[in-house]
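Novice: requesting a structural model of the entry that follows:
(one chain, ligands or ions: 1)
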Amino acid sequence: MIPTKILIALTKGRILEETLPLFEAAGVVPNEDIRQSRKLLFTTNLENVDMIVIRGADVPTYVEFGSADLGVVGKDFILEYGCEGFYEPLDLQIAKCRIMTASPLSDTVLSGRVKVATKFPNIAKRYFASKGKQIELVKLNGALELAPSLGLADAIVDIVDTGKTLQANGLEPKELIADISSRVIVNKASMKIKNTIISEILEKLREAVKAL
Ligand code: PRP
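Specialist: As a prediction, the model looks like this:
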């Protein structure tokens, strides 16, 4: 019988540094150094497991539509994308940070129709709607911290880790929207059809997380 093959979609960037050791502890090791390569698809020490390395924002799409069976992605992208299209069986407890609102140090309470710049329009929309606040969204793809000082927005909704980026740009964190960490997500059909191998990997990852 041909062994069932699975494809794991990893998020590139900072998360990757913390993800690879967990997979290594779980017995899945890429055949070359992912960090040093320009390749996007990697074989691993396991004949039936391959990995791709893509942007976090794209991981939910690959997994929902079954192009990848399993993915590692920040909860921020899951919240933004919506969590209906796949299972989310495991919190890897890595790449922990927060999604917060932030605004200039001098601002006290923002009132009226506030302009909010963010990479996460759905999260921002939902959050302010839950507070009964009307906002005007400005969708940006990075360097959000510039938006208030350049008059593009009154506040931002962004990832805060150490808080240094906010501080360096004259902003301060205000309201906590969600605590974030990296999650394993699994395609719904793959979970049934390829259950043996996926369950095995999940179990080993779970043990690796416990040992952190
Ligand atoms: C994130 C976020 C902030 C920064 C926060 O950006 O958008 O800019 O990290 O980290 P800090 O609180 O430790 O300063 P990231 O480096 O992930 O790059 P991106 O903006 O391109 O997504």
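Novice: pLDDT wise, what is the closest residue to Val73 other than its chain neighbours at?
Specialist: Among residues not flanking Val73 along the chain, Val59 sits closest, at 3.9 Å (CB to CB, 6 or more residues apart in numbering). Heads up, the C-betas are built off the backbone N, CA and C, glycines and all. According to the prediction, Val59 has pLDDT 98.
Novice: look at Val59 and say how many residues are nearby.
Specialist: Other residues within reach of Val59 by the criterion other CB atoms under 10 Å amount to 29.
Novice: right, and it touches Ala9 too?
Specialist: Yes - between Val59 and Ala9 there is a contact under CB atoms under 8 Å: 4.9 Å.
Novice: hey, what's in contact with both of these two?
Specialist: Residues touching both Val59 and Ala9 (CB atoms under 8 Å, 6 or more residues apart in numbering) are 68, 71-73.
Novice: turn those into TSV, columns for distance to Thr101, pLDDT and neighbour count.
Specialist: Compiled in TSV, these are given as follows (distance: CB to CB, whole Å; pLDDT from 0 to 100; neighbours: other CB atoms under 10 Å):
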residue	distance to Thr101	pLDDT	neighbour count
Ala68	32	98	27
Gly71	28	98	30
Val72	27	98	29
Val73	22	98	30
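Novice: make TSV from those and add distance to Ile94 to it.
Specialist: TSV is the format used below for these (distance: CB to CB, whole Å):
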residue	distance to Ile94
Ala68	19
Gly71	14
Val72	9
Val73	12
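Novice: if I look at the residue nearest to the spatial centre of the chain, how far off is Leu40?
Specialist: The centre of the chain sits closest to Gly74, judged by CA atoms, centre = their mean, with a distance of 2.0 Å. Distance from Gly74 to Leu40, counting by CB to CB, to the nearest Å: 19 Å.
Novice: give me every residue that touches Lys188.
Specialist: Going by CB under 8 Å, 6+ apart, Lys188 touches 85-87.
Novice: could you measure from Arg35 over to the ligand?
Specialist: In this view, Arg35 and the ligand are 16 Å apart by CB to the nearest ligand atom, to the nearest Å.
Novice: same check, this time on Ala178
Specialist: Taken as CB to the nearest ligand atom, the span from Ala178 to the ligand is 14 Å.
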